[in-house]
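**Q** sequence-free structure coming up:
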Ligand SMILES: [Zn+2]
């Protein structure tokens, strides 16, 4: 999957090891085949809710011309 380097990509995770949400305050397990987000900038998996928030926050930051950091929401 090739994506814009700062993209939060909507994916369905499939693999042997189920990832947990990269948001330190969430850490929810992402069930296989469940919709979630892949942060292509940091190569992290977020659950759907956190991914949505992060994608929105990042879009706003980019609009304001702010640098994008690996912020834990
Ligand atoms: Zn989460």
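**A** Structure's in. What do you need? Note that the coordinates shown come from a computational prediction; the quantities given were computed from them, not determined experimentally.

**Q** what about residue 37, which SS state?
**A** strand (DSSP: H, G, I helix; E, B strand; the rest coil).

**Q** and the gap between it and residue 54?
**A** 7 Å (Cβ to Cβ, to the nearest Å). No exception for glycine: its C-beta is placed from N, CA and C like everyone else's.

**Q** buried sites along stretch 9-19?
**A** Going by neighbour count (16 or more other Cβ atoms under 10 Å), the buried part of stretch 9-19 is 11, 13, 19.

**Q** what distance separates the start and the end of that stretch?
**A** The straight-line separation of the ends of stretch 9-19 (Cα to Cα, to the nearest Å) is 15 Å.

**Q** Quick one: mean pLDDT over it.
**A** On average, the pLDDT along stretch 9-19 is 88.

**Q** mind checking how far it is from the chain centre?
**A** In terms of Cα atoms, centre = their mean, to the nearest Å, the centre of stretch 9-19 is found 11 Å from the chain centre.

**Q** hmm, it in reach of the ion?
**A** No. Stretch 9-19 lies apart from the ion when judged by Cβ under 5 Å from the ion; the minimum separation is 10.4 Å.
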